[in-house]
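A.B. asks: Structure for the following, please:
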Amino acid sequence: MQMNDMKLREKMHQELLKKHGEIVGGINLCRLMGFSSTAAFRQSLIRGQIPIQTFEIPHRKGRFAYTRDVVNWLCKLSNSSETLDK
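C.D. replies: Here you go, the predicted structure:
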């Protein structure tokens, strides 16, 4: 991975952490993954087509994902093979 790719990945991660924290969910998760609505996200979830691990949080509505997993997935879309450390 080139230094510019690593810097871009880290910058993206820091920006999303600042905006959403360690965990992102709801409409924000849907938008980051390119879904036009939560209903579209839900359909993909039912079909097993969500490419990152999502989870439920007790007493909270909806699905959630770690911000780093979203960043790693976004970077894979641009053919990057390294991921952020967990």
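
A.B. asks: Relative to Pro51, how far out is Gly34?
C.D. replies: For Gly34, the distance to Pro51 (CB to CB, to the nearest Å) stands at 11 Å. Quick note: C-beta positions are derived from backbone N, CA and C, even for glycine.

A.B. asks: so which helix or strand takes in the nearest residue to Phe35 once chain neighbours are set aside?
C.D. replies: Leaving aside its sequence neighbours, Phe35 sits nearest to Phe41 (CB to CB, 6 or more residues apart in numbering; 4.4 Å). Under the criterion DSSP states H and E, the helix or strand holding Phe41 is helix 38-46.

A.B. asks: Beyond that helix, next helix or strand please.
C.D. replies: Once the chain leaves helix 38-46, the following helix or strand, as judged by DSSP H and E, is strand 64-66.

A.B. asks: what helices or strands is that next one leaning on?
C.D. replies: Strand 64-66 sits against strand 23-25, with contacts defined as 3 or more CB pairs under 8 Å, 6 or more residues apart in numbering; DSSP states H and E.

A.B. asks: quick one, phi/psi of Pro51?
C.D. replies: Dihedral pair for Pro51: phi -80, psi 0, per degrees, to the nearest 10.

A.B. asks: So what does the residue lying closest to Asn28 once chain neighbours are set aside look like in phi/psi?
C.D. replies: The shortest distance from Asn28 to any non-neighbouring residue, by CB to CB, 6+ apart, is to His20 (5.8 Å). The main-chain torsion angles of His20 are listed as degrees, to the nearest 10 and equal phi -120, psi -20.

A.B. asks: Please give me every residue in contact with Arg47.
C.D. replies: The neighbours of Arg47, taking CB atoms under 8 Å, 6 or more residues apart in numbering as the test, come to nothing; the list is empty.

A.B. asks: returning to what we had before: report whether the expected contact of the residue nearest to Phe35 with Met33 is present.
C.D. replies: Yes. Counting by CB atoms under 8 Å, a contact exists between Phe41 and Met33, whose distance comes to 7.0 Å.

A.B. asks: Mutual contacts of the two, please.
C.D. replies: Counting by CB under 8 Å, 6+ apart, the residues touching both Phe41 and Met33 are Ile50.
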